[in-house]
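J.: output the structure for:
(chains A and B)
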Amino acid sequence: MSSSPLTATPTPLLPAKPKGPLLPHLPHCTSLRALAQLHAAAVKSGLGAHPALVTRLLTLCTKQGAAPAHLAYARQVFDRIPSPGDVVWYNTLLRGYARSSDGAAEAARVLARMLEEGVAPDTYTFVSLLKACAAARAGEEGRQAHGVAVKTGAADHEYVLPTLINMYAECGDARSARAMFGRVPNGDCVVSYNAMITAAVRSSRPGEALVLFREMQAKGLKPTSVTVTSVLSACALLGALELGRWIHEYVRKAGLDSLVKVNTALIDMYGKCGSLEDAIDVFQGMESRDRQAWSVMIVAYANHSYGREAISLFEEMKKQGIRPDAVTFLGVLYACSHSGMVSEGLQYFDSMREYGIVPGIKHYGCVTDLLARSGQLEKAYKFIDELPIQPTAILWRTLLSACGSHGAVDLGKRVFERILELDDTHGSDYVIFSNLCANTGKWEEMNRVRKLMNEKGVVKVPGCSSIEIDNRVHEFFAGDGRHPQSQDARRMVDQVIEQLKLVGYVPNTSQVFHVEMGEEEKATSLRYHSEKLAISFGLLNTSPGTTLRVVKNLRVCPDCHSMAKLVSMLFNRRIILRDLNRFHHFEDGVCSCGDYW
DNA sequence: GTAGGGTTAG
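T.: Numbers count the residues shown, from 1 in each chain, chains lettered A, B, ... in the order given. Sure, this is the predicted structure:
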């Protein structure tokens, strides 16, 4: 610091009439204090509003990653100028607001001042202004900015239109976004398509994203790296492995396979679509990897129940000097909780502090899961109860589900009541608790819960599983016969169950209970759970040694899990079973999750 | 200067 020219008296450093590359040391100075010093000196020598200095100051204060304090300082500098006449100054300041998440109101004030001063906004002005509105989800400011853009004729500019689309989409106004998209001449603008596709993915409408993607291809528009990353996200949401592979092929042909973001999206897609091998291949083939690339691979291992591998990757990442962030730690904690690595998980949780990461609700959720799954149920209850932040129903739900698998009906009742205080609309809470009652013989309590469930009109979603054989996807719903070969599949389930019984398989207790209660329909739907139908159908149509990839979009029940284990051994198949967003790999009677799930 | 990758539980 003592050798820095900034600590010397700054005044002589300022030439009377700065021109050309002003103050050679200025671009290197990033501390607010040093900047303030320079500006004060400039003001003193009457150069406070010198264009080159102001531009330089504003640029430094509003650059990527600038602290909010820098941005506030930029505003101060700007306000000191008696009558700013150069549109570039406004634009530079606005660029700063575009990069912050709460600068929409300030940005709108800057536009107002421009108009007051009679400075005409240009296309750059609107791009930054609209970006600021999008980042802050400020639809009202965005609409006003749009109005001004229309008046000045900037609204249909090739850079402004995609920004408008994005702004409306981010602010939740899909109709206006569509309307802006409709203004694109012939609809042949890749960036506008990208904005629309991205918006669809971000609001969880992956199907819509794919429709747009096909439409742009039909028009002969060439997908860019941005297009493929968004479309890969859509594939990940849908579990569309084949389309994902097709995009991967395109990525290779188009030479986009060296881009870190594209590869990260590929790893994520493969991980979420159930092909861990392909995810690993992409990761290993990368020339360089950033924090997100490492994180996404760790999350993929964790989601496939390969906890040890996730952890060793995390250690390798740190060794290579990449700093983990909040998401990386989520992957690590998740990995620990699914491999029964309780003490390691708690240690990693504590180590977050060393990286200056404040745990969020999701991290607390992982720790709850870690404690609860391993049977430390009271400890988990206390943990949630004493959180520094307000727990959500999700947190209690995690504990309730562990109470279910540990048969802890008394604690389960307390937890169930905590959940109802926060959210009484979630069907699975009633199901888990009533099953817990059934399994522990608390029939009266169980009937009470069922009645409550009917009173609340809780919606039950039928379980659905699909399996792909020879490029055809077969869909099965719990207990029903809508698949043309569902009768074959059912017969196969019965056969499989009979064979499994010989090696110690016991059908679950609630199924037995329903039969005893004369509730045939419920018993049937349990006997023919969608994943059982899909697995059995897979057995009918493949030969030993093949891999069955079964996608279930709801939770897999313990019964089906133990069935899949035995099937993998008895019928010599590898089974990859999707369980919500996780995957279980069954081989030779063993599951990758080690039954920690 | 436009658009893009990773986020608990059930």
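J.: return the set of buried residues in the host helix or strand of A:Arg397.
T.: A:Arg397 belongs to helix A:393-406 when assigned by DSSP states H and E. Across helix A:393-406, burial judged by 16 or more other CB atoms under 10 Å covers A:393-404, A:406. Just so you know, the C-beta spots here come from the backbone N, C-alpha and C atoms, and that holds for glycine as well.
J.: can I get that helix in CSV, CA atoms only?
T.: What follows is helix A:393-406 as a C-alpha-only set of coordinates in CSV (Å, rounded to 0.1, in the frame of the first residue of the first chain):
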residue,chain,number,x,y,z
ALA,A,393,-43.1,-27.3,6.2
ILE,A,394,-40.6,-29.0,4.0
LEU,A,395,-38.1,-29.3,6.9
TRP,A,396,-40.7,-31.0,9.1
ARG,A,397,-41.8,-33.1,6.2
THR,A,398,-38.2,-34.5,6.0
LEU,A,399,-38.4,-35.5,9.6
LEU,A,400,-41.9,-37.0,9.2
SER,A,401,-40.7,-39.2,6.5
ALA,A,402,-37.8,-40.4,8.6
CYS,A,403,-40.2,-41.1,11.5
GLY,A,404,-42.2,-43.2,9.0
SER,A,405,-39.2,-45.3,8.1
HIS,A,406,-38.1,-45.7,11.7
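J.: show me which of the buried residues of helix A:393-406 neighbour DNA strand B.
T.: By CB under 7 Å from any atom of the strand, the members of the buried residues of helix A:393-406 lying near DNA strand B are A:394-395, A:397-398, A:401.
J.: residues near the residue in chain A that DNA strand B sits nearest to, how many?
T.: When scored by CB to the nearest atom of the strand, chain A has A:Gly365 as its residue closest to DNA strand B, at 2.0 Å. Residues lying near A:Gly365 (other CB atoms under 10 Å) number 22.
J.: got it, and the one 10 residues further on?
T.: Applying the criterion other CB under 10 Å, we find 14 residues in the vicinity of A:Gly375.
J.: list the contacts of the nearest residue to A:Ile419 once chain neighbours are set aside.
T.: Leaving aside its sequence neighbours, A:Ile419 sits nearest to A:Trp396 (CB to CB, 6 or more residues apart in numbering; 4.7 Å). Residues in contact with A:Trp396 (CB atoms under 8 Å, 6 or more residues apart in numbering) are A:384, A:415, A:418-419, A:422.
J.: from A:Ala393, how far out is A:His338?
T.: 22 Å (CB to CB, to the nearest Å).
J.: my bad, should have said A:Ser100
T.: In terms of CB to CB, A:Ser100 sits 32 Å off from A:Ala393.
J.: hang on, the earlier thing: out of the buried residues of helix A:393-406, which is nearest to A:Met216?
T.: Using CB to CB, A:Ile394 comes nearest to A:Met216 of the buried residues of helix A:393-406, at 37.3 Å.
J.: right, and that closest one touches A:Gly365 too?
T.: Yes - with contact defined as CB atoms under 8 Å, A:Ile394 reaches A:Gly365; the gap is 6.4 Å.
J.: what's the angle between the helix or strand containing A:Leu333 and helix A:393-406?
T.: Assigned by DSSP H and E, A:Leu333 belongs to helix A:326-337. Counting by axes from the mean of the first three to the mean of the last three CA atoms, to 10 degrees, helix A:326-337 lies at 10 degrees to helix A:393-406.
J.: what residues sit buried inside the next helix or strand along the chain from helix A:326-337?
T.: Downstream of helix A:326-337, the first helix or strand assigned by DSSP H and E is helix A:342-351. Of the residues in helix A:342-351, A:342, A:344-345, A:348-349 count as buried by neighbour count, 16+ other CB under 10 Å.
J.: next: stretch A:420-434.
T.: Buried, per 16+ other CB under 10 Å, within stretch A:420-434: A:420, A:426, A:429-434.
J.: now tabulate the ones next to DNA strand B among the buried residues of helix A:393-406 in JSON lines and tack on pLDDT and distance to A:Met114.
T.: As requested, those are exported to JSON lines (pLDDT from 0 to 100; distance: CB to CB, whole Å):
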{"residue": "A:Ile394", "pLDDT": "93", "distance to A:Met114": "46"}
{"residue": "A:Leu395", "pLDDT": "95", "distance to A:Met114": "48"}
{"residue": "A:Arg397", "pLDDT": "94", "distance to A:Met114": "51"}
{"residue": "A:Thr398", "pLDDT": "94", "distance to A:Met114": "51"}
{"residue": "A:Ser401", "pLDDT": "92", "distance to A:Met114": "56"}
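J.: ok, so of those residues, who is nearest A:Thr152?
T.: Set against A:Thr152, the nearest of those by CB to CB is A:Ile394 (47.3 Å).
J.: would you mark the buried spots in stretch A:196-204?
T.: Within stretch A:196-204, the residues scored as buried using 16+ other CB under 10 Å are A:196-201.
J.: actually stretch A:321-335, not the one I wrote
T.: A:322, A:324, A:327-335.
J.: now swap in stretch A:449-456 and tell me
T.: Quick answer for stretch A:449-456 (16+ other CB under 10 Å): A:449, A:453.
J.: thinking again about what came up before, relative to A:Phe181, which of the buried residues of stretch A:321-335 is nearest.
T.: Of all the buried residues of stretch A:321-335, A:Phe181 sits closest to A:Val327, with 31.2 Å by CB to CB.
J.: re the thing from before, okay, and which of the buried residues of stretch A:196-204 map to helices?
T.: When DSSP state H defines the helices, the subset of these inside them is A:196-201.
J.: okay if I get those as a markdown table plus pLDDT?
T.: Output for those, formatted as a markdown table (pLDDT from 0 to 100):
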| residue | pLDDT |
| --- | --- |
| A:Met196 | 97 |
| A:Ile197 | 97 |
| A:Thr198 | 96 |
| A:Ala199 | 96 |
| A:Ala200 | 96 |
| A:Val201 | 96 |
